[in-house]
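Q: fold the following.
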Amino acid sequence: MKIKPLSDHVIVQPDEHKEKKPGGIIIPDTAQEKPQEGEIIAVGPGKMNDEGKRVPLEVKKGDKVLFGKYSGTEITVHDTEYLIMRESDIFAIL
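A: Next up, the predicted model:
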């Protein structure tokens with residue numbers, strides 16, 4: 001991927017899991033809840049503090065993370081959907 005996030009932003013590829021109910025009924029994409037888990041694809045260099053020094057991010061490329069249901073902004077690159085969000089929108093590393 002040729003996208004490099006700036007500051008304390010990260011790019012996340014949300015987990016795509018098909019929702020299948022008991023009895024074999026498949027829930028369509030439009031009725032499914034948004035995924036709240038994903039994998040970090042790229043990280044920015046970190047935010048600048050008051051002294052002008054970079055504060056590195058706690059997450060790194062490849063981390064599986066848990067984030068808010070409506071966190072981030074959806075972007076599409078080469079027909080693949082990603083979320084770009086601030087590190088502060090991430091709740092936990094799984």
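
Q: dump the residue contacts of the residue positioned nearest the centre of the chain.
A: Nearest to the geometric centre of the chain sits V12, at 2.7 Å (Cα atoms, centre = their mean). Residues in contact with V12 (Cβ atoms under 8 Å, 6 or more residues apart in numbering) are 38-41, 65, 67, 72, 82-85. Placement of C-beta: from N, CA and C, glycine included.

Q: check whether it sits in a helix, strand or coil.
A: Classification of V12 by DSSP: H, G, I helix; E, B strand; the rest coil places it in strand.

Q: just list whatever residues bridge to it.
A: On the basis of DSSP bridges, V12 is bridged to I40, L83.

Q: from G52, how far out is it?
A: V12 sits 28 Å away from G52, going by Cβ to Cβ, to the nearest Å.

Q: now do G68
A: 30 Å.

Q: name the residue in these two with the higher neighbour count.
A: G68 (12 against 6; other Cβ atoms under 10 Å).

Q: show me what the mean pLDDT comes to for stretch 46-62.
A: Averaging pLDDT along stretch 46-62 yields 92.
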